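Peer 1: Here's my sequence, what's the structure:
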Amino acid sequence: MKSINWLLFLTCLSLAACGRFANEDTKPDHQERIVCIAKQYSEIIYALGAEQDLVGVDVSSTYPPEIKSLPTVGYHRALSAEGILATKPTLILHDNNIGPEHVIKQLQDLRIPMKDFIKGEDLDSTKLLIREMGAYFHKEPKADSLCDKLDRDMAAALEKAGQYPDTVKVLVIHFGQASNVFLVMTAHSTAAKMIGWAGGKMAIQGDRGMRQLSAEVVAASDPDVILLTDFGYDRLGTPEKIKELPGVAGTTAAKNNRIYRVEEHDLVYLGPRTGENVLMLQKLIHGDAVQ
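Peer 2: So this is what the prediction gives:
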């Protein structure tokens with residue numbers, strides 16, 4: 001059942017992005033032709049103003065909105081050499097979370113340069129990543145400015161978080177519902193860090209970032225707030241439809257109409273907008289309690 005559900009998830013992701021696969025490279029005169037297979041890197045590149053040589057990205061690179069005009073090379077763990085080679089890359093940026101292995105070997109055998117940067121897994125390392133990428137693209141002043149803003153936004157968010165107790169339980173459903181199984185984010189996820197900074201706590205524990213859970217477990221977690229990421233929310237369309245899902249209707253969140261749509265890319269990695277996103281989460285989680 002697990003493998004079937006994951007296959008369905010990946011298939012739906014591909015279908016959701018299929019309109020992007022047909023895009024042609026509208027900027028053929030690149031000196032460098034960069035393919036970026038890492039959503040965290042992609043956002044930072046745009047934030048730095050260094051996107052002029054990007055000719056392709058992976059399906060999960062969805063921010064900022066203008067990135068959707070670029071051709072996509074597939075899901076980062078299910079790449080095809082043909083899709084990448086069609087962009088005629090001179091450089092591939094990745095975060096060491098790409099596959100399958102035989103495709104990576106094909107690209108290495110073709111001697112296409114590949115580069116990764118340090119991992120941005122917490123606030124300090126994320127700022128180091130922004131500065132490392134800023135140096136690579138010769139955008140050091142902009143990188144410094146992005147880090148300064150991140151610090152200011154996080155300071156404001158953490159100060160506000162002290163206004164209320166850490167008792168609001170939040171359930172983050174990453175992918176709708178199929179066969180009465182939900183894919184949810186756990187207390188081990190990046191989303192959990194952000195919700196903690198916002199002054200809430202995750203309703204579901206786990207030693208991995210995401211878990212597949214039955215409707216019964218979702219119901220038993222009884223969250224005060226449900227956040228549904230964009231793909232699943234948009235499939236269902238309205239909070240009323242979401243309340244009809246098995247396990248959701250009886251929750252405190254459903255009874256109090258506290259079910260909200262969030263963008264997946266705002267929760268699954270840290271970046272220049274993390275402070276802004278934590279402030280946004282505070283408004284959703286705490287509502288009128290936020291001053």
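
Peer 1: Off-centre distance for the longest helix seen in the chain?
Peer 2: Ordering each helix of the chain by length in residues (DSSP state H) puts helix 140-161 first. Remark: helix 140-161 is offset 19 Å from the chain centroid, using CA atoms, centre = their mean, to the nearest Å.

Peer 1: Which elements pack onto it?
Peer 2: helix 39-48, helix 123-136, helix 190-197, helix 274-286 (3 or more CB pairs under 8 Å, 6 or more residues apart in numbering; DSSP states H and E). All C-beta atoms are positioned from the backbone trio N, CA, C, and that covers glycine.

Peer 1: Which one, of the ones you listed, ends up nearest to residue 212?
Peer 2: Nearest of the helices and strands packed on helix 140-161 to residue 212, taken as CB to CB: helix 190-197 at 16.1 Å.

Peer 1: what packs against the closest one?
Peer 2: Using 3+ CB pairs under 8 Å, 6+ apart, helix 190-197 sits against helix 140-161, strand 169-178, strand 201-202, helix 274-286.

Peer 1: Which residues outside the first one are in contact with it?
Peer 2: I take that to be helix 140-161. The contact list for helix 140-161 (CB atoms under 8 Å, 6 or more residues apart in numbering) reads 44, 47-49, 123, 126-127, 130-131, 133-135, 197-199, 272, 274-276, 278-279, 282, 290-291.

Peer 1: any idea which of the helices and strands packed on helix 190-197 is most buried?
Peer 2: Among the helices and strands packed on helix 190-197, ranked by average contacts under mean count of other CB atoms under 10 Å, first place goes to strand 169-178 (a mean of 22).

Peer 1: just checking, next helix/strand downstream of that strand?
Peer 2: Following strand 169-178 in sequence order, the next helix or strand is strand 181-185 (DSSP states H and E).

Peer 1: Tell me the strands beside that next one, with direction?
Peer 2: strand 169-178 (antiparallel), strand 210-214 (antiparallel) (DSSP bridges).

Peer 1: Could you dump the helices and strands packed on helix 190-197 into TSV with mean pLDDT and distance to residue 108 added?
Peer 2: Below are the helices and strands packed on helix 190-197 laid out as TSV (pLDDT from 0 to 100; distance: least, CB to CB, whole Å):
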stretch	mean pLDDT	distance to residue 108
helix 140-161	97	29
strand 169-178	84	32
strand 201-202	95	39
helix 274-286	96	33
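
Peer 1: Would you tell me which of those gets closest to residue 58?
Peer 2: Taking these one by one with CB to CB, strand 169-178 is closest: 17.2 Å.

Peer 1: Can you give me the pLDDT of the residue lying closest to residue 139 once chain neighbours are set aside?
Peer 2: Sequence neighbours aside, residue 48 is the residue nearest to residue 139 in space, at 4.3 Å (criterion: CB to CB, 6 or more residues apart in numbering). Residue 48 is assigned a predicted lDDT (pLDDT) of 98.
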